[in-house]
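[1] one predicted model, sequence on top.
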Amino acid sequence: MCATLCDHGWEVEDMCEVLGVSRASCFRWRNLFEELGTVAKSPSPLVGRTRRITRALMTAVEDLFAEESDLFFDEICTWLAVEYNITISSSPLSRDLWPFSKNAPEDCI
């Protein structure tokens, strides 16, 4: 949008006021438009596997383990379903919990 308005003679301050954005946003959009032909940012190359469990839930699971350290994954899955309304099978749960395990190798964390 900024690139189009700029091409039509608009001043940066006017564009920012009308669009309700900062000068930095206007310049960033213009640079993106000049580089990519669109103001849509390209996807980040740093994409990894998404976690099914948030850090807050991980803390809750850690607290659960502190109380009952002999739990099986299916018991944790049931607990997550009852307490937090989260449905997850034991396989993805184990993948999400492994990097936070005390037994995980350093390069997994």
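    Here it is on my side, so go on.
[2] how about the helices of the protein, start to end?
    2-7, 12-19, 23-36, 55-67, 73-84, 90-97 (DSSP state H).
[3] can I get those in JSON lines including mean neighbour count and mean pLDDT?
    Every C-beta, even on glycine, is put in place using the N, C-alpha and C of the backbone. Formatted as JSON lines, these follow (neighbours: other C-beta atoms under 10 Å; pLDDT from 0 to 100):
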{"stretch": "helix 2-7", "mean neighbour count": "16", "mean pLDDT": "68"}
{"stretch": "helix 12-19", "mean neighbour count": "14", "mean pLDDT": "84"}
{"stretch": "helix 23-36", "mean neighbour count": "15", "mean pLDDT": "82"}
{"stretch": "helix 55-67", "mean neighbour count": "12", "mean pLDDT": "82"}
{"stretch": "helix 73-84", "mean neighbour count": "14", "mean pLDDT": "87"}
{"stretch": "helix 90-97", "mean neighbour count": "15", "mean pLDDT": "78"}
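[4] right, and residue 73 touches residue 90 too?
    Yes: counting by C-beta atoms under 8 Å, residue 73 touches residue 90, with 3.6 Å between them.
[5] relative to residue 87, how far out is the closest residue to residue 93 other than its chain neighbours?
    Distance criterion C-beta to C-beta, 6 or more residues apart in numbering; nearest residue to residue 93, sequence neighbours excluded, is residue 73 at 5.5 Å. Distance, residue 73 to residue 87, using C-beta to C-beta, to the nearest Å: 14 Å.
[6] if anything else comes up later, I'll come back, but that's it for now.
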